[in-house]
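Kindly return the folded structure for what I paste below:
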Amino acid sequence: MNIPKGKKIYFASDNHLGAPTSKESLPREKKFVAWLDEIKKDAAAIFLLGDLFDFWFEYKTVVPKGFTRTLGKLAEISDSGIPIYYFVGNHDLWMNGYFEEELNIPVYHKPKEFTFNNKIFFIGHGDGLGPNDKGYKRMKKVFTNPFSKWLFKWLHPDIGVKLAQHLSVKNKLISGDDDAKFLGEDNEWLVQYCKRKLESKHRDYFVFGHRHLPLEIDLNTTSKYINLGDWINYYTYGVFDGENFELKTY
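Predicted structure coming up:
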């Protein structure tokens, strides 16, 4: 993709709408929608890197209640011709066609490479990547197993969604009660993952979410790891103007 003059590519991640309650997340949702409304004026494309919702599961004829402002704004932007790309996170693993069919937004379940103005971007949510975190990786296999999803679908939505929301908000990081801590480059799994990927191919930018921390780390003289932060504590987002990438706060 060549970015037209005066246009930009925007990146955001980890809104966790609905947490810890719908009422308490509503101001954050309104702020996010205001941001979307603002950036549509010069956006060449928008990348949402997962965990937009604190929980999302698509039944055959039902999706979770709420988030009307967000979904409506995304539909408006998509209908205007601005492409939006969505990468599922660990809280919205169970997307299955709704965004594609209703909003014309492609959904990716694994990291993907894009090239903008000859700059190579490697983009994804970031969960389960890198060394360690073996417990989560095992759980993710269970969560994404077709048989597990089939079993969950037999729960009435009022029961299944409520149960999942209860389990989700027990995590203090997700509910916004605690800050993630920077572990140092040697202990940041995504940093190690990016360095390993660079051994086989050059990328200019690795852009992820998941860590809930705004981070910019030089991997070498020509490659950089970016973590977008979140819309719980930081309200940070990424902007690429065709030449440079910046983290900004809304």
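
OK, contacts around the closest residue to residue 92 other than its chain neighbours?
If the residues on either side of it in the chain are set aside, residue 92 comes closest to residue 56, at 3.9 Å by Cβ to Cβ, 6 or more residues apart in numbering. The way it works is simple: take the backbone N, C-alpha and C, and place the C-beta from them, glycine included. With contact taken as Cβ atoms under 8 Å, 6 or more residues apart in numbering, residue 56 is in contact with 63, 64, 91, 92, 94, 95.

following the lowest-mean-pLDDT helix or strand in the chain, which helix or strand comes up?
One helix or strand of the chain scores below all others by mean pLDDT, DSSP states H and E: helix 172-175, with a mean of 45. Next in sequence after helix 172-175, counting helices and strands by DSSP states H and E, comes helix 189-198.

before we move on, back to that, scan the contacts of residue 56 and report the most crowded one.
Neighbour counts for the contacts of residue 56, by other Cβ atoms under 10 Å, peak at residue 91, which reaches 26 neighbours.

Quick check: the gap between residue 249 and residue 102.
31 Å (Cβ to Cβ, to the nearest Å).

Could you do residue 74 as well?
As defined by Cβ to Cβ, residue 74 lies at a distance of 10 Å from residue 102.

If you count surrounding residues, which of the two has more?
residue 74 (23 against 13).

Same question for that one, what's its three-state structure.
Taking DSSP: H, G, I helix; E, B strand; the rest coil as the rule, one finds residue 74 in the helix state.

on that earlier part again, quick one: which two of the contacts of residue 56 are the most distant?
By the measure Cβ to Cβ, the contacts of residue 56 have their two most distant members at 63 and 91, which lie 14.3 Å apart.

Run through the residues that contact residue 14.
Residue 14 makes contact with 49, 50, 51, 89, 209, 210, 212, 228, 229, 230, 231, 232, according to Cβ under 8 Å, 6+ apart.

Highest neighbour count among those residues?
Among the contacts of residue 14, residue 209 has the most neighbours (other Cβ under 10 Å), with 31 neighbours.

thinking that one is in contact with residue 111, fair?
No: shown here, residue 209 and residue 111 do not form a contact pair, counting by Cβ atoms under 8 Å, at 11.3 Å.

Overlap of the contact sets of the two?
Counting by Cβ under 8 Å, 6+ apart, the common neighbours of residue 209 and residue 111 are residue 125.

The nearest residue to residue 12 once chain neighbours are set aside bridge partners, please.
Leaving aside its chain neighbours, residue 12 sits nearest to residue 237 (4.5 Å; criterion: Cβ to Cβ, 6+ apart). In this entry, residue 237 is beta-bridged to residue 248, by DSSP bridges.
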